[in-house]
Every structure is written in C-alpha cells, then in structure tokens.
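A.B. asks: structural data only, the sequence is not supplied:
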C-alpha cells in the first residue's frame with residue numbers, strides 16, 4: 001500500500017472518529033429519528049471516501065460534512081416525497097391493477113433514478129420533457145401548457161435530451 005493511501009485512510013478514520021457523532025446529532029435534530037440520521041451520516045462519509053482528493057485539501061471538516069449532509073438531506077426528503085406521491089397514486093388504483101410488491105419496488109427505484117437524472121434541468125425544461133415522454137404530448141400542446149412558443153419547446157427538448165445523454169457518459 002502506498003504512503004498516500006495509508007495517509008488518506010488515517011485522515012478519513014480521524015475525520016470519522018472526530019465528527020461522526022456531531023454530524024449524526026445534527027441530522028437527527030432535522031430528521032427526528034436516529035436511524036435515518038445514522039444512514040445519512042454513513043452516506044456522508046461514503047461520499048467523502050469516494051473523493052479522496054478532498055481529504056488532502058480539507059481545512060474546515062465540519063463545514064464540508066455539513067454541506068454534504070445537507071445535500072443528502074435534501075435528496076432524502078425529495079425521495080420521501082416521491083415515494084409518498086407514488087403510494088398515493090397506487091392507493092387510487094383498483095386492486096386488480098395494483099402492482100406486486102416487487103413491481104412497486106422496481107417502479108419506485110426507476111422513478112427515483114429518473115428524478116435524479118432530471119434534477120439538473122430547469123423546471124420548464126423538465127416539465128416539457130416529462131409531458132412529452134410520459135403523456136405523449138406534442139410540441140404544440142406543450143407550448144400551449146407552458147405558454148411559450150413551439151420553438152422554445154424544441155429548445156427545451158434538445159436541452160433535456162442533451163442532459164440525459166451527458167448523464168449516460
């Protein structure tokens with residue numbers, strides 16, 4: 001093992017030892033339960049582990065951990081909101097059409113992946129893309145709903161497709 005890897009592991013261990021309980025407490029106050037807080041705390045340190053160059057340059061560890069933790073907290077709430085909307089939609093389905101628990105899980109995972117993929121898009125671009133893809137609306141219909149020109153909708157769709165293609169790379 002190289003000296004840099006050993007130093008990085010020692011730095012991460014020290015960061016974890018010195019700040020995990022503080023971060024977990026901060027998250028617990030926002031979430032209201034320690035289990036989700038512990039999960040998000042672990043996810044935060046996994047993010048730090050995934051970018052070892054950060055460890056070398058880290059001057060304010062709590063500020064950095066707080067930034068990562070806040071982002072994960074936002075994602076957590078978005079995922080929870082998406083799950084709730086999905087469960088409400090399922091509750092309105094006739095029992096004969098309701099998906100199995102396995103299908104529900106797969107659908108929810110797909111919805112979360114789609115939500116993450118489209119997260120970087122402007123709201124209007126995102127709406128246009130989803131209406132075209134999920135509802136099968138044409139550009140004229142989307143333009144009418146968004147109160148923009150068809151040319152603008154074409155531009156929105158190009159942006160959305162480019163975003164999706166770049167995310168695949």
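C.D. replies: Thanks, I have the structure now. All figures in this text were calculated on a predicted structure; none of them were measured in a lab. Numbers count the residues shown, from 1 in each chain.
A.B. asks: select the longest helix from the chain.
C.D. replies: In the chain, assigned by DSSP state H, the helix with the most residues is helix 61-91.
A.B. asks: mind listing what's buried in that one?
C.D. replies: By 16 or more other CB atoms under 10 Å, the buried positions in helix 61-91 come out as 61, 64, 65, 66, 68, 69, 72, 73, 75, 76. C-beta coordinates here come from the backbone N, C-alpha and C atoms, glycine included.
A.B. asks: what's the closest of these to residue 84?
C.D. replies: When these are ranked by distance to residue 84 (CB to CB), residue 76 comes first, at 12.6 Å.
A.B. asks: where does residue 137 fall, phi/psi-wise?
C.D. replies: Residue 137 adopts backbone torsions of phi -70, psi 150, taken as degrees, to the nearest 10.
A.B. asks: do I have it right that it meets residue 127?
C.D. replies: No - counting by CB atoms under 8 Å, residue 137 sits too far from residue 127 to count as a contact (10.2 Å).
A.B. asks: can you list residues touching both of those two?
C.D. replies: Taking CB atoms under 8 Å, 6 or more residues apart in numbering as the contact rule, residue 137 and residue 127 both touch residue 145.
A.B. asks: how close does residue 53 sit to residue 11?
C.D. replies: Here residue 53 is placed at a distance of 12 Å from residue 11 (CB to CB, to the nearest Å).
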